[in-house]
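Novice: A structural model of the following input is requested.
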Amino acid sequence: MGTPPAPGQTGGFDVTPTKLYGVAGTVVLHQDKLDKAAKDFIYEIVEYMDCGGYGASAEAVSTAYVKVGNKFLDTLARTVAGVGGVATGFVTTANNYARAEAASHPSGSAQPVQFPLPKVIDTPPTYQRIVDLKWGDMGDYSTGFTSWLLEGVPDFALDIIRGLLNKVYRWGEVADILPLPDYQQIDKLALAWLQPGFTVTQVESDLQREVGTIADPNNGEWQAAMRQFTSSLWGTTAWGGSTAGYQWKHDTPGAQGKASHPVTTVLWDTTQEVSQALRAFAEAAETMRNEVWRIFKKAIWDALPHIKDGIGMDDVKKVGKGLLSMGKSLGIGITLEIDKGALNRAVAKYEGELLGVEARLNKLIPPLEEAYRAVPTYQAEQARAQAFGARSLNDFKPEHRFAVPGEDADNQFFPLDLTSQEGLYGSHPIDKHVGLTDDQLRMRLRDQSGAPSASTFTDLESGQRYTQAVLNDVSNVLRIEDWIERVEKKIQNPQLPNFDPNKSEIQPPLYLEFPGETVGRGVTRDDYNADGMNAKAQDRSTVQVRLIYKEDLDPPFIVLTAMPHEGPNP
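Specialist: Numbering: from 1, shown residues only. Coordinates of the predicted model:
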């Protein structure tokens, strides 16, 4: 589905709950695609187990491969869950909007259309672990190796040469790397790694287009919010910077059409790089295989000079008994004919190439680890989807709209729905303080040097509930009323012609403690400075709310932010 056309003269751009529900259904299909891609990928690569050969270098490649592969799958699993949050978030906000519309209908008897929440994956799936590439059965390999070298050897000498090869094929430094990797299987594995990357990028592109159908192309704020929302699904944040070679800041209209979707890019790059590294592994194994074949084959033929010189079948019959009786001396001849120097040089080159493959794979770990930490949770994307959906349903008008399920605006001192005001004049409690992991809290302190702390509510429901409780607290209500009154007096004061009420922030911020409750989690700057990415997140029982006056709104302010906090005097 493409980007919607610009509104015509007969009517404006309109998003309805039904439209939002339809988009949610498409999102569910895309989540299924991602999950299926991961499972199909695992099913395919299991076929190529035990193809990685033996030796310290081959084992190092296998270890790096397994580490990269598992981190790739774990990152993809988190992405799957995040996409599920988008689907349920859209349906939830569609239902909330429909209920609010019905409740305000003049007839008083309107019944809202309610859509069932889609069945989605809401926790990261535990995918099967990546299969180790190391060779599992030496006996099978030695049999195959011997048969491979005996191709073309005359029948009368097969038994003798076979017995000797079973003893000498592990001589010299080549003993440390046999069995060699199955380069043909590794080549197939390299191709298998490409498919999940294609699926991820296709899903990313399709989701971008689908969400674009509920964003008015002629509304700059709406378009900016859409770009931020879709980029957040792929790991961006308001405070993101350049880490591990990728840009993690929210996408903006100023990006000149280049969307910042770092998790997608990391996953794609990983599939491409792993495929290329495996191809290099296969090429090194094939080259080494051919060199071993050449050296050992030469030893065999040098031990059979008459055959090498091309004697006829009659001659073979004449010398056959003599060769069979040579036994031990023939074995000595073959052993002495092996060019150990050439063999060891080939081994050194092979191991050097494998060290390069290992290094290529290990370079993928830092961006994968960053992507794994950055992928938003199901709860975070569900909240962001509710916010974007709520504002889309209200045409991104700069106004408050209360559609909190189970709550009546008339029962609140200052009714405020976080979803309806997210992004309005810079409001950001949902984007910055809902559904973040402990790692993401630490990442904020790492990337935003001026932040005194980082904290998060578990989900939007708790964030909404605790924020409204702060605004309903009697002592806070008195402070808010006094603050509004003072701002309005300044507006009317002719001696303050340059006073801008819309920059007025209530000071100090509002606080409310919830004794015995955990309202969320947080990490302080002091703890981060002391322990970095190992800093411990602590439970919080106090909420801070910051208000900024906006004269055209009712109530006349926005919640710039609301967050779990250490308290006014930490």
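Novice: what number of residues lie near Gly406?
Specialist: Number of residues near Gly406 (other Cβ atoms under 10 Å) recorded here: 8. Every residue, glycine included, has its C-beta placed from N, CA and C.
Novice: Repeat that for Gly22.
Specialist: Close neighbours of Gly22, defined as other Cβ under 10 Å, add up to 18.
Novice: So it, which state does it fall into?
Specialist: Put simply, Gly22 is helix when judged by DSSP: H, G, I helix; E, B strand; the rest coil.
Novice: Point me to the residue sitting closest to the centre of the protein.
Specialist: Centroid check for the chain by Cα atoms, centre = their mean gives Thr75 as the closest residue, at 3.8 Å.
Novice: you'd agree that residue is up against Leu267?
Specialist: Yes - counting by Cβ atoms under 8 Å, Leu267 is a contact partner of Thr75 at 6.5 Å.
Novice: In three-state terms, label the residue nearest to the centre of the chain for me.
Specialist: Looking at Thr75 with three-state DSSP, the answer is helix.
Novice: Report pLDDT for it.
Specialist: Note on Thr75: pLDDT of 99.
Novice: ok, it to Ala81 distance?
Specialist: Separation of Thr75 from Ala81 (Cβ to Cβ, to the nearest Å): 11 Å.
Novice: cool, and Ser455?
Specialist: Distance from Ser455 to Ala81, counting by Cβ to Cβ: 22 Å.
Novice: burial of Glu353, as a residue count?
Specialist: By other Cβ under 10 Å, the residues close to Glu353 number 19.
Novice: out of everything not next to it in sequence, what's closest to it?
Specialist: Nearest residue to Glu353, sequence neighbours excluded (Cβ to Cβ, 6 or more residues apart in numbering): Ala284, at 4.0 Å.
Novice: what distance separates stretch 426-436 from the centre of its chain?
Specialist: Remark: stretch 426-436 is offset 20 Å from the chain centroid, using Cα atoms, centre = their mean, to the nearest Å.
Novice: er, stretch 451-468 I mean
Specialist: Distance, centroid of stretch 451-468 to centroid of chain: 24 Å (Cα atoms, centre = their mean).
Novice: quick one: terminal-to-terminal distance for that stretch?
Specialist: 24 Å (Cα to Cα, to the nearest Å).
Novice: If you count neighbours, what's buried in that stretch?
Specialist: 451, 453-468 (16 or more other Cβ atoms under 10 Å).
Novice: Point out where this protein drops to low pLDDT.
Specialist: For the chain, the stretches with pLDDT under 70 are 1-11, 136-175, 254-259, 300-301, 303-337, 570.
Novice: Swap in 80 and give it another go.
Specialist: When residues are selected by pLDDT under 80, those of the chain lie in 1-12, 108-109, 134-176, 178, 253-259, 296-338, 569-570.
Novice: re earlier: residue contacts, the residue nearest to the centre of the chain?
Specialist: 263, 266-267, 368, 371-372, 375 (Cβ atoms under 8 Å, 6 or more residues apart in numbering).
Novice: likewise Thr287?
Specialist: Contacts for Thr287 (Cβ under 8 Å, 6+ apart) come out as Tyr350.
Novice: I'd assumed Ile186 was in contact with Glu283.
Specialist: No - applying Cβ under 8 Å as the test, Glu283 and Ile186 come out as separate, 9.2 Å apart.
Novice: So for these two, which residue has more residues nearby?
Specialist: A direct count of neighbours by other Cβ under 10 Å for Glu283 and Ile186 places Ile186 higher, at 24 against 15.
Novice: can you tell me how far the closest residue to that one other than its chain neighbours sits from Ala58?
Specialist: The shortest distance from Ile186 to any non-neighbouring residue, by Cβ to Cβ, 6+ apart, is to Ala282 (4.1 Å). In this structure, Ala282 and Ala58 are 12 Å apart, going by Cβ to Cβ.
Novice: any residues in contact with both of these two?
Specialist: Pro181.
Novice: So which of these two has more stuff around it?
Specialist: Ala58 (27 against 22).
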